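Trainee: please find the sequence and the predicted model below.
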Amino acid sequence: MKKFAFSFLVLSLFASTKASAALESVEQIGSRGQVSIEGLGQALLYSLFGSYRIVPNVALNAGISYWAINASSGSSSVDSSLFMLPLSASVMMGGQGGHHFELLGGGTFVIGGSSITGNSLQDDFSDSLFIPTVGAGYRYWPALGGLHFRGTLYGLVVNGFHPWFGVSLGYAFM
């Protein structure tokens, strides 16, 4: 019985030490990915985006946004669509308890098109553009996963510098 108790005690200590080391390793690296919905932000109106940490303080971000507008009056109609793909890299500083100051840089690919019809008129337009973007703000990314929050002041660099604010809410996972 004494051998069993001693063996159980040694195994328990060994297991708790291994579990503690694994937990410290996870907290150092943090949760790897997150998915969010961003209002305003890099894609102007809204986007569904995700981030993935490649190292503890650096993340790659990618999003997607699509708008479609259809309007008609009498025999005329306008159909327009806009597809946006925001891409960026983030550097996070601080990090106690998942609270970070974040700096990011990247840009948004924008592809748009319109079709106008009416009174024997048919015109189609399409264009694309890249909007360089920088940003700074607060990011809460919990180390062990859970609710994720980000508030960022962006600078859209197209025909000058235009400040733009975005807020996102989502979930971070391991």
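Mentor: Done, it's in.

Trainee: got the residue ranges for the helices in the protein?
Mentor: Along the chain, counting by DSSP state H, helices occupy 2-29.

Trainee: run through it and note the low-pLDDT ranges.
Mentor: 1-30 (pLDDT under 70).

Trainee: mind redoing it with 90?
Mentor: 1-32, 40-45, 56, 69-79, 94-98, 114-127, 141-145, 158, 173-174 (pLDDT under 90).

Trainee: show me the strands in it, by range?
Mentor: For the chain, the strands defined by DSSP state E occupy 33-40, 46-55, 58-73, 76-94, 99-118, 121-140, 146-157, 161-173.

Trainee: CSV please, covering these and showing mean neighbour count.
Mentor: (Each C-beta comes from the backbone N, C-alpha and C, glycine too.) Formatted as CSV, those follow (neighbours: other Cβ atoms under 10 Å):
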stretch, mean neighbour count
strand 33-40, 18
strand 46-55, 17
strand 58-73, 14
strand 76-94, 17
strand 99-118, 16
strand 121-140, 14
strand 146-157, 18
strand 161-173, 16
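
Trainee: surely residue 165 touches residue 152?
Mentor: Yes - the criterion here is Cβ atoms under 8 Å, and residue 165 meets it with residue 152 at 7.2 Å.

Trainee: so what sits against both of those two?
Mentor: residue 41 (Cβ atoms under 8 Å, 6 or more residues apart in numbering).

Trainee: please tell me how far residue 63 sits from residue 80.
Mentor: Going from residue 63 to residue 80 by Cβ to Cβ, to the nearest Å gives 21 Å.

Trainee: cool, and residue 113?
Mentor: Taking Cβ to Cβ, one finds residue 113 at 7 Å from residue 80.

Trainee: next: residue 89.
Mentor: From residue 89 to residue 80 the distance is 31 Å (Cβ to Cβ).

Trainee: residue 157 is in contact with residue 135, isn't it?
Mentor: No - using Cβ under 8 Å, residue 157 makes no contact with residue 135, being 11.2 Å away.

Trainee: contact partners for residue 119?
Mentor: Counted by Cβ under 8 Å, 6+ apart, residue 119 has contacts 75, 76.
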